[in-house]
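Participant: whatever this is, show me its structure:
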Amino acid sequence: MPRPIAHSASVPAPVDKVHAALVSEQYWKDRIEEIGGPSARLVSVHAINGTISVVMSQSIPEEELPAAVTAFKKGPLVIERTESWGPIGGNRAEGKFGATVEGAPAAVSGTTLLEGNAEASTMSLSGTTEVKVPIFGGKIEAMISEQVLSLIDDEHGFTAEWIAKNLS
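Facilitator: Residues are numbered from 1 along each chain as shown. Next comes the predicted model:
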């Protein structure tokens, strides 16, 4: 059964600057380089008219995976992530995110929302994690959800720093 995930974080920057970062190809290049992990890369970036669609590949080395995962998947966990953001309007923008695990019946998907004003912004997401593995699926979903939320915290921190360095 899919496990719900939700997250919200404040970014100390105006909503228009946060959106400008999110639809910048350079932001994504810098983000994957700084916090993407081993073998991380941008697969594709399509930015047009204040919107963006990004595909990333990231991996987690086998030695960092819990036994519940290595029981069904040997080697590194290769994750393909997608994220897209629509145009900004009325101090908000909506998007989508997703992730699949190569060679495993696991997926994460959901929606994102950027809201704010001239002083600060809030980035939030809601979605589900689903692992279709008998007996261990729930444990693996919990681990994936925890890892995803930790990664998103890192990404929101990176976003605030990137804006301060590049859009101030």
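Participant: avg pLDDT for the top helix by length along the chain?
Facilitator: Ordering each helix of the chain by length in residues (DSSP state H) puts helix 137-166 first. For helix 137-166, mean pLDDT is 85.
Participant: which residues touch the lowest-mean-pLDDT helix or strand in the chain?
Facilitator: Every helix and strand in the chain was compared by mean pLDDT, DSSP states H and E; the lowest is helix 67-70, with a mean of 73. Under the contact criterion CB atoms under 8 Å, 6 or more residues apart in numbering, helix 67-70 has outside partners 62, 77, 136, 139-140, 143. Quick note: C-beta positions are derived from backbone N, CA and C, even for glycine.
Participant: just want the most central residue of this structure.
Facilitator: Nearest to the geometric centre of the chain sits Ile152, at 5.7 Å (CA atoms, centre = their mean).
Participant: distance of it from Arg81?
Facilitator: Distance, Ile152 to Arg81, by CB to CB, to the nearest Å: 11 Å.
Participant: what sits against the nearest residue to the residue nearest to the centre of the chain once chain neighbours are set aside?
Facilitator: Of all residues not flanking Ile152 in the chain, His7 sits nearest, at 5.4 Å (CB to CB, 6 or more residues apart in numbering). Counting by CB under 8 Å, 6+ apart, His7 makes contact with 124-125, 149, 152-153.
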